[in-house]
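>>> I'd like to go over a predicted model; first the sequence, then the structure.
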Amino acid sequence: MENNKIEIKIEKVRGCEDLPLPVSISEFSSGVDLLSAETSDTVLKPGKTKLISTGIKIMIPKGYEGQIRPRSGLALKHGITVLNTPGTIDSDYRGIVKVILINLGEEEFIIQRGDRIAQLVIQKIFFPNFKLVETLDKTKRGEGGFGHSGIKYSNK
């Protein structure tokens, strides 16, 4: 790893040689765009999901994971998002990278071959070593969760 770069080996699925490799659009983008490798236009109707192939397989080093995340422009402008956000690609997975898209918008959305459908972020992970204890340390928050702090900001 050099300058926050890590080598990710990639294989194009047969028939996807025409598609470019994932690339960052700007210098400091944390993710790279994933493209649709579907051979024909795919219609995503409102409220429906589709599994979209990217036409690539990747080899992520041990200690890292790939996170598939939505593209903000698709979400804002069309209501298209990744259903299981973030989708996880484990370092031992060698299958085709696919993206579960859902249309939360009100109109049909057409996905064409080569369209940027999601982004991939590579993250360092830690492997937990769970230790059973009788009781956990107490905190001010305690068991408060699911909106326990309310909606309005308070500095109290």
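That came through fine. Numbering: from 1, shown residues only.
>>> paired strands for the helix or strand containing Leu51, with orientation please.
If you go by DSSP states H and E, Leu51 is part of strand 49-59. Applying DSSP bridges, strand 49-59 is found paired with strand 9-12 (antiparallel), strand 96-103 (antiparallel).
>>> highest average neighbour count across those strands?
strand 96-103 (a mean of 20; mean count of other Cβ atoms under 10 Å). C-beta here means a position set from N, CA and C on the backbone, and glycine is covered the same way.
>>> which helices and strands sit right next to the next helix or strand along the chain from that strand?
Later in the chain than strand 96-103, the nearest helix or strand by DSSP H and E is strand 109-111. Applying 3 or more Cβ pairs under 8 Å, 6 or more residues apart in numbering; DSSP states H and E, we find strand 109-111 packed against strand 42-44.
>>> just give me how far the strand it packs on sits from the chain centre.
Distance, stretch centre to chain centre, for strand 42-44: 20 Å (Cα atoms, centre = their mean, to the nearest Å).
>>> stretch 85-92 too?
That offset, for stretch 85-92, works out to 8 Å (Cα atoms, centre = their mean).
>>> buried residues of it, list them for me.
Pro86, Gly87, Ile89 (16 or more other Cβ atoms under 10 Å).
>>> mean confidence for it?
For stretch 85-92, mean pLDDT rounds to 96.
>>> and stretch 106-113, by the same measure?
pLDDT averaged over stretch 106-113 gives 98.
>>> so which bits of it are buried?
Those buried within stretch 106-113 under the rule 16+ other Cβ under 10 Å are Phe109, Ile111, Arg113.
>>> I'd say the last one and Thr42 touch.
What it means is Arg113. No: at 9.0 Å, Arg113 does not count as touching Thr42 under the criterion of Cβ atoms under 8 Å.
>>> okay, and the common contacts of the two?
Common neighbours of Arg113 and Thr42, counting by Cβ atoms under 8 Å, 6 or more residues apart in numbering, are Ser36.
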